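Peer 1: Structure here, sequence nowhere to be found:
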């Protein structure tokens, strides 16, 4: 019972957060909101890349090779196919294969 209530509350809050901007800015979206909509996705991806690569130690084996190879895979696929889902999933798969079998 408690889990169902918790899930329901989280669902309602999520829906409200998604629809709130549309309810507040019915007539015209302010310029700063439009600007944030353009720059935040890239900034968030940049922060995630830094977070994922921050603990790499180039002084000890495997010298960050699995992370760097997977990152190169993501960058290469993104430049080639322009498909974020494909790039991220492929990079994750490459990284997991490398750390489980090679390194």
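Peer 2: Nice, I can see it. Quantities reported herein were computed from a predicted structural model and do not represent experimental measurements.
Peer 1: Let me see the confidence value for the closest residue to residue 74 other than its chain neighbours.
Peer 2: Using C-beta to C-beta, 6 or more residues apart in numbering and skipping the chain neighbours, the partner closest in space to residue 74 is residue 91 (3.6 Å). Any C-beta I mention is one placed from the backbone N, CA and C, and that applies to glycine too. The per-residue pLDDT reported for residue 91 equals 96.
Peer 1: now swap in the one 5 residues further on and tell me
Peer 2: Confidence per residue is given as pLDDT, and for residue 96 that number is 97.
Peer 1: In stretch 38-55, which residues are buried?
Peer 2: Taking 16 or more other C-beta atoms under 10 Å as the basis for neighbour counts, none of the residues of stretch 38-55 comes out buried.
Peer 1: average model confidence for it?
Peer 2: Mean pLDDT, stretch 38-55: 93.
Peer 1: domain assignment for this structure?
Peer 2: Under the assignment named as automatic domain parsing, the residue ranges that make up the domains of the chain are 1-54, 55-103.
Peer 1: right, so those domains: which one is the most enclosed?
Peer 2: Comparing those by mean neighbour count (mean count of other C-beta atoms under 10 Å), domain 55-103 ranks first with a mean of 14.
Peer 1: Just the terminal-to-terminal distance for it.
Peer 2: End-to-end distance of domain 55-103 (C-alpha to C-alpha, to the nearest Å): 16 Å.
Peer 1: Return the distance of the helix or strand encompassing the residue nearest to residue 74 from the chain's centre.
Peer 2: Using DSSP states H and E, residue 91 sits in helix 84-97. Its chain's average C-alpha position is 12 Å from that of helix 84-97, according to C-alpha atoms, centre = their mean, to the nearest Å.
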